[in-house]
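K.L.:
Predicted structure and sequence below. I'll ask about it afterward.
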Amino acid sequence: GSTKERLAKMMNIRMINLCLFALTYLVVAKASLYDRDVHVQTFTEKEVFDQSVLQSDGVWFVQFCKNDNEKCQKSVPIFSKTAEITKGFFHLAMVDMESEGGQAIANDYSTAKLPAHYIFSP
């Protein structure tokens, strides 16, 4: 690719690294569930996930979770705040593995330990 494209990818990687840093060190108050969070998109249908994430020109940081998983519950406030802070740089989303569609999405990825995180880029 061109120098411009390589630079753009490097900037995306730096923003992702910054987000991961924020995920580790941010301390935030309790947040609402993802389904009420305007900054985190929840996927419950494989077709919508494929179209929105896999066919996207943007970078996506996706968390695979189940509502009854304690580690997933604890990550909600941090993930939500990170999504709010990084809005416009890249997308944050959650795959609801309790839905049939979420299970279908998860079948394509290693999600034995939850939450599982994946970064998707064009």
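P.N.:
Here it is on my side, so go on.
K.L.:
list the buried ones in stretch 89-103?
P.N.:
Phe90, His91, Leu92, Ala93, Met94, Val95, Asp96, Met97, Ser99, Gly101, Gly102 (16 or more other CB atoms under 10 Å). No exception for glycine: its C-beta is placed from N, CA and C like everyone else's.
K.L.:
And the residue nearest to the last one when sequence neighbours are not counted, how far from Asp57?
P.N.:
What that stands for is Gly102. Spatial nearest neighbour of Gly102, excluding adjacent residues (CB to CB, 6 or more residues apart in numbering): Asp96 at 4.3 Å. Taken as CB to CB, to the nearest Å, the spacing of Asp96 relative to Asp57 amounts to 24 Å.
K.L.:
now swap in Phe43 and tell me
P.N.:
Phe43 is 18 Å from Asp57, by CB to CB.
K.L.:
now Ser99
P.N.:
26 Å.
K.L.:
Same check on Thr44?
P.N.:
As judged by CB to CB, Thr44 and Asp57 stand 23 Å apart.
K.L.:
So those two - more neighbours on which side?
P.N.:
Shown here are Thr44 and Asp57; by other CB atoms under 10 Å, Thr44 has more neighbours (19 against 6).
K.L.:
Mind pulling up the pLDDT for the more buried one?
P.N.:
On pLDDT, Thr44 comes in at 92.
K.L.:
Surely it touches Gly101?
P.N.:
Yes. Thr44 lies in contact with Gly101 (CB atoms under 8 Å); the separation is 4.7 Å.
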